[in-house]
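**Student:** Sequence isn't available, so here's the structure alone:
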């Protein structure tokens, strides 16, 4: 099955995980979750930038793992995905997950948000988590929602 076309801009304001996130891997993870062609920017930031963006755009004064700014769902998915490196690292350690797997999951999660998926209501959350699990298994990663 062919995956949708992807125009990817990959930016590292926080370079600590640059070696772990080569363009080909990031593109593969995002493409696996895309249902339409995409124009996506991925920016890896530090805690200060992550907190500033979360405060300014969501009214929450803390750095979060991933922020999705979706601009268009069709005919092309256009979005910015912001990953906060220290938060991603801390979560991976706390959950006992490989850092690469956690980044892959958050990129899949953010890509689904960019296409209009949400998890505010229980039924939406179940559908979104099922899709995330399916994509992660297809990529060769463990189900991020499986109970250990």
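**Tutor:** Received, thanks. Because the structure is predicted, anything quoted here is derived from the model rather than measured.

**Student:** Please count neighbours and contacts with C-alpha atoms only from this point.
**Tutor:** Will do.

**Student:** Just give me the residue right at the centre of the protein.
**Tutor:** Nearest to the geometric centre of the chain sits residue 107, at 2.1 Å (C-alpha atoms, centre = their mean).

**Student:** Now that we're looking at that residue, what pLDDT does it have?
**Tutor:** pLDDT recorded at residue 107 is 98.

**Student:** The one 10 residues further on too?
**Tutor:** In this model, residue 117 is scored at 93, pLDDT.

**Student:** Give me the phi and psi for the closest residue to residue 4 other than its chain neighbours.
**Tutor:** In this structure, residue 4 finds its nearest non-sequential neighbour in residue 37, 4.8 Å apart by C-alpha to C-alpha, 6 or more residues apart in numbering. For residue 37, the backbone dihedrals (degrees, to the nearest 10) come out as phi -60, psi 150.

**Student:** thinking again about what came up before, residue contacts, the residue nearest to the centre of the chain?
**Tutor:** 26, 29-30, 81 (C-alpha atoms under 8 Å, 6 or more residues apart in numbering).

**Student:** Who are the contact partners of the residue nearest to residue 4?
**Tutor:** By C-alpha under 8 Å, 6+ apart, residue 37 lies in contact with 4-6, 75-77.
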